[in-house]
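[1] no sequence for this one, just the structure:
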């Protein structure tokens, strides 16, 4: 957990915090304590005055470039001043520094070169009502002695929300996109002069999101804060999207300037029940026929079961390809089948190898890229360089201004001749664990967990081979493929925190529907497998349980 830190500036106030350290400072350590206060003083905001908390931490560079973690040992003056004691250290100790430098919040990966500190301003910020939602402020200090006075080097947008209508409105999050300015990423703070300057790297993100809000908007104004860099923002260059349970509202901001340590207040009053539109979701899937198995019915289900979201789905498809082969296509301007479903349609369009990946990335806008590695029949994986290579290529060539989220897809293992399904599943699961542990994958869609678990139920009798499959490798059209779509729907509902479930979903897959939606790369077998009502109910239960199992798997393996 993070604890709250408040720093006051003349007419506005900053709030910040650091990640709570697991180790308490060691009494009598040889690193020496630091006395830390705030450079600013003045009025309070939201009734909270400038104060340290006993769990607050700092990065301190003292004598050399090694990153020292310090934590509060003792509070004084009502928390306006604190004694920080040494906890641990990371990084290189070979270079000397000319003074003592402090960085807030604590960042184990922060470095210093000369008098310049490099740290990160988060592009994904999480709301916490108890902390005022300003955990991500950047503060620094420099001193020749053990007394440090922290100065704000970032800025904040304050979103003051209220409503005049009777309808309940629940704010889930806020997304800020800038066409002109970098909003997050690696930040270099120059401390060489009396006035410190913070600069975001040229490859920084142009989008910042505040998630986890879940606040009911009432007639009494509530404030939500997002940390961004200081700077000049041109007219209409900043787009704000308010994400409600009921839909989305997008506005463009007039020109404004933010000095370091300043807060820009944006007031939004909901005064019309039609004041917001649908949520939006755009996904690029990169994979093969196993990817297709899992998402073939997703557009149809979204269109007919989840009309609250505007969706666009794209699939870069090459049958049998691994990500190593996909990456080779990327870099040699190779083409693949491009399938898409846009504007809330339910039928796929095949562009038939009409674009290179570079062209795809310059033509379409995505929120999410979901990639599937072909783990089924390889005996071992020692790294995930192909997954990372594909990700890095997409980031380098993507022309949209928003930050992309990357997700791994755990595909379904089946009983191909000569391969034991349990061994195949184990390799597939271990391979996805490796992806989460060694890449920057943000999430997981566990299709394979549902199919593997279904093999030990009555669902195993579906399909031509009585194992969900027409050929021992793919899930057959109808309920076998729909089983995986249920998992995808669980992921969508969870992502948007909606009060929806696939439990009791009345939609069925028929031959007529299958033909209407133009399924790409179909695995029809002898016909569409419709299933009984009991089998559909069982498939829904299996999918829900698999999604929950996948969430635990994600928690245990995600590299964050």
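    Right, received. Where do you want to start? Nothing here was measured: the structure is a model prediction, and the numbers come from that model.
[2] tell me the secondary structure at the residue nearest to residue 357 when sequence neighbours are not counted.
    Spatially, and ignoring its direct neighbours in sequence, residue 357 is nearest to residue 330 (4.5 Å; C-beta to C-beta, 6 or more residues apart in numbering). C-beta coordinates here come from the backbone N, C-alpha and C atoms, glycine included. Of the three states, residue 330 takes helix under DSSP: H, G, I helix; E, B strand; the rest coil.
[3] what's the local residue count around residue 330?
    Close neighbours of residue 330, defined as other C-beta atoms under 10 Å, add up to 24.
[4] can you check the one 10 residues further on too?
    Applying the criterion other C-beta under 10 Å, we find 18 residues in the vicinity of residue 340.
[5] run through the neighbouring helices and strands of the helix or strand where it lies.
    Under the criterion of DSSP states H and E, residue 340 resides in strand 335-341. Identification of packing neighbours for strand 335-341 by 3 or more C-beta pairs under 8 Å, 6 or more residues apart in numbering; DSSP states H and E yields strand 309-317, helix 323-331, strand 349-350, strand 355-356.
[6] by mean pLDDT, show me the worst of these.
    Confidence, taken as mean pLDDT, is least for strand 349-350 of those (a mean of 82).
[7] ok, now how distant is residue 406 from residue 485?
    Using C-beta to C-beta, to the nearest Å, we find residue 406 at a distance of 21 Å from residue 485.
[8] more neighbours, the two?
    The neighbour comparison of residue 406 against residue 485 (other C-beta under 10 Å) goes to residue 485, with 29 against 21.
[9] if we can go back for a sec, show residues contacting the strand holding residue 340.
    Here strand 335-341 makes contact (C-beta atoms under 8 Å, 6 or more residues apart in numbering) with 299, 311-318, 326, 329, 347-357, 360, 364, 520-521.
[10] can you do 7 Å?
    The contact list for strand 335-341 (C-beta atoms under 7 Å, 6 or more residues apart in numbering) reads 299, 313-318, 329, 347-356, 360, 520.
[11] could you pick out the buried ones from those residues?
    By neighbour count, with 16 or more other C-beta atoms under 10 Å, those hold 299, 313-318, 329, 348, 355-356, 360, 520 as buried.
[12] columns distance to residue 492 on top of those, output as a markdown table?
    Listed next are those as a markdown table, based on distance: C-beta to C-beta, whole Å:
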| residue | distance to residue 492 |
| --- | --- |
| 299 | 12 |
| 313 | 11 |
| 314 | 16 |
| 315 | 16 |
| 316 | 20 |
| 317 | 21 |
| 318 | 25 |
| 329 | 28 |
| 348 | 18 |
| 355 | 26 |
| 356 | 29 |
| 360 | 22 |
| 520 | 20 |
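[13] could you single out the nearest of the residues you listed to residue 392?
    Of all the buried ones among the contacts of strand 335-341, residue 329 has the smallest distance to residue 392: 15.0 Å, by C-beta to C-beta.
[14] residue 328 versus the nearest residue to the closest one once chain neighbours are set aside, what's the distance?
    Leaving aside its sequence neighbours, residue 329 sits nearest to residue 336 (C-beta to C-beta, 6+ apart; 6.1 Å). With distances taken as C-beta to C-beta, residue 336 is found 11 Å from residue 328.
[15] what does residue 90 give?
    The spacing between residue 90 and residue 328, counted by C-beta to C-beta, is 37 Å.
[16] and stretch 270-287, end to end?
    End-to-end distance for stretch 270-287: 42 Å, by C-alpha to C-alpha, to the nearest Å.
[17] repeat for stretch 122-129
    Across stretch 122-129, the terminal residues are separated by 18 Å (C-alpha to C-alpha).
[18] so residue 503: helix, strand or coil?
    coil.
[19] contacting residues around it?
    Contact partners of residue 503, counting by C-beta under 7 Å, 6+ apart, are 540, 544.
[20] now do the buried residues in stretch 184-197.
    184, 185, 186, 187, 189, 190, 191, 196.
[21] is it possible to get JSON lines of the helices and strands packed on strand 335-341 that adds distance to residue 229?
    Shown next, in JSON lines, are the helices and strands packed on strand 335-341 (distance: least, C-beta to C-beta, whole Å):
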{"stretch": "strand 309-317", "distance to residue 229": "31"}
{"stretch": "helix 323-331", "distance to residue 229": "32"}
{"stretch": "strand 349-350", "distance to residue 229": "41"}
{"stretch": "strand 355-356", "distance to residue 229": "35"}
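[22] looking at these, spot the one closest to residue 239.
    Closest of those to residue 239 is strand 309-317, at 15.9 Å (criterion: C-beta to C-beta).
[23] how about residues contacting the closest one?
    Strand 309-317 is contacted from outside by 278-286, 288, 291-292, 295, 298-299, 302, 336-342, 344, 357, 360, 364, 520-521, using C-beta under 7 Å, 6+ apart.
[24] and that strand with helix 323-331, angle?
    Put simply, strand 309-317 runs at 100 degrees to helix 323-331, going by axes from the mean of the first three to the mean of the last three C-alpha atoms, to 10 degrees.
[25] specify the angle between strand 309-317 and strand 335-341 in degrees.
    Using the same axes, to 10 degrees, the inter-axis angle of strand 309-317 relative to strand 335-341 is 160 degrees.
[26] tell me how far strand 309-317 lies from the chain's centre.
    Centroid separation for strand 309-317 versus its chain: 18 Å, with C-alpha atoms, centre = their mean, to the nearest Å.
[27] in its sheet, what does it sit against?
    strand 279-287 (parallel), strand 335-341 (antiparallel) (DSSP bridges).
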